[in-house]
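A.B. asks: Requesting a structural model of the entry that follows:
(one chain, ligands or ions: 1)
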Amino acid sequence: MISVNNLEKKIGSVKAMNNLSFTAQNGKITGLLGPNGAGKTTCLRTVFGLLKADSGNAEIDGIDVAKEPMAAKQKLGLFPDPCGLYERLTPREYIQFYAELSGMETDAAKAATQDVLSKLKMDDIADRRCQGFSQGQHMKTALAQAIVHKPTNIILDEPTRGLDVMSTRILRELLLMLKEQGHCVLFSSHVMQEVAALCDHVVVMAKGQVVAEGSPAELCERTGKESLEEAFIELIGSDEGIAA
Ligand SMILES: Nc1ncnc2c1ncn2[C@@H]1O[C@H](COP(=O)(O)OP(=O)(O)OP(=O)(O)O)[C@@H](O)[C@H]1O
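C.D. replies: Okay, here's the model as predicted:
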């Protein structure tokens, strides 16, 4: 479970997070939905411990990220940019390298790597160099890296940006699989269709604050709108910076 409690962050003259609070539960996909500049990336960077909040805190399974960063990170996986893989390594080498970086002994890292390769059905590409991989293969390798240390919680910042339809579908299936396995999945997006299709819980953000939260159906009902896109526009009072 990820909980964000009264986070505040001023960057220059901008309040990127303004008393931001929400919870993302295990076994659910939670979407952070907001227009450009809403503070989604700032929030996720804070949750991962890459950015220090001015006040408030983020907790991973009850562990304060700022106070116990190593313990919190053991329970958290960050989906990296799939374009940033080391092309000369095979998925097995790459994933094992990250498992060891997360603190596992070599034997445990090897076993965990095999586990995740099987879980994501990657055995056919496990020992090929990443160079020349398709988008979907890159994606699986990146996700395997994020979950090899068996974190309960996974965060993804606009994971489908720049992906084609097939890769987007693969990623969706992978996220649904993680949810079925009881993981807490938190991702940011401004793509309505994606959020409506995937999320159990949507946190609508604007100007560093939570404007509303609930399931897509609840948000539609609350605003009296038929689609999440219309509900979103009603909630934030503008259609600036969103994608259909
Ligand atoms: N390093 C920085 N320097 C200056 N301003 C920043 C910096 N990081 C974030 N901001 C500002 O903080 C606000 C929130 O930015 P953030 O990147 O968190 O938004 P976002 O919701 O992820 O937006 P997008 O959907 O466009 O990626 C914006 O106004 C942004 O310009």
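A.B. asks: hey, let's count contacts and neighbours off CA atoms from now on
C.D. replies: Fine.
A.B. asks: Mind listing residues that contact the lowest-mean-pLDDT helix or strand in the chain?
C.D. replies: For the chain, the helix or strand with the lowest mean confidence is helix 165-180, at a mean of 85 (criterion: mean pLDDT, DSSP states H and E). Contacts with helix 165-180, where a contact means C-alpha atoms under 8 Å, 6 or more residues apart in numbering, come from 26-29, 120, 135-136, 139-140, 160, 184-185, 198.
A.B. asks: Swap in 10 Å and give it another go.
C.D. replies: 26-29, 119-120, 134-140, 143, 147, 152-154, 159-163, 181-187, 194, 197-200 (C-alpha atoms under 10 Å, 6 or more residues apart in numbering).
A.B. asks: Buried only: go through those residues for me.
C.D. replies: Buried members of the contacts of helix 165-180, counted by 16 or more other C-alpha atoms under 10 Å: 26-29, 135-140, 143, 147, 152-154, 159-160, 182-187, 194, 198-200.
A.B. asks: now, which of the residues you listed lie within helices?
C.D. replies: Within the buried ones among the contacts of helix 165-180, residues falling in helices by DSSP state H are 135, 136, 137, 138, 139, 140, 143, 147, 194, 198.
A.B. asks: now, which of those residues sits nearest residue 228?
C.D. replies: Distances from residue 228 to those, taken as C-alpha to C-alpha, are shortest for residue 194 (10.5 Å).
A.B. asks: Wait, that closest one touches residue 31, no?
C.D. replies: Yes. Judged on C-alpha atoms under 10 Å, residue 194 makes contact with residue 31 at a distance of 9.3 Å.
A.B. asks: Near the ligand, which residues of this structure? Just list them.
C.D. replies: For the chain, the contact set with the ligand under C-alpha under 6 Å from any ligand atom comprises 11, 14, 16, 34, 35, 36, 37, 38, 39, 40, 41, 42.
A.B. asks: Please flag which of those residues sit within helices.
C.D. replies: 40, 41, 42.
A.B. asks: Most neighbours among these, which one is it?
C.D. replies: residue 40 (28 neighbours; other C-alpha atoms under 10 Å).
A.B. asks: wait, isn't that one in contact with residue 18?
C.D. replies: No. The pair residue 40 / residue 18 is not scored as a contact, 11.8 Å apart, by C-alpha under 10 Å.
A.B. asks: any common contacting residues for these two?
C.D. replies: Shared contacts of residue 40 and residue 18, defined by C-alpha under 10 Å, 6+ apart, comprise 206, 207, 208, 209.
A.B. asks: what about this protein, any weak spots by pLDDT?
C.D. replies: The chain contains residues with pLDDT under 70 at 82, 162, 238-244.
A.B. asks: now the strands for it?
C.D. replies: Counting by DSSP state E, the chain has strands at residues 2-11, 14-24, 28-33, 55-60, 63-64, 76-78, 153-157, 184-189, 201-206, 209-214.
A.B. asks: so how far is the last one from its chain's centroid?
C.D. replies: Its chain's C-alpha centre lies 18 Å from the corresponding centre of strand 209-214 when counted by C-alpha atoms, centre = their mean, to the nearest Å.
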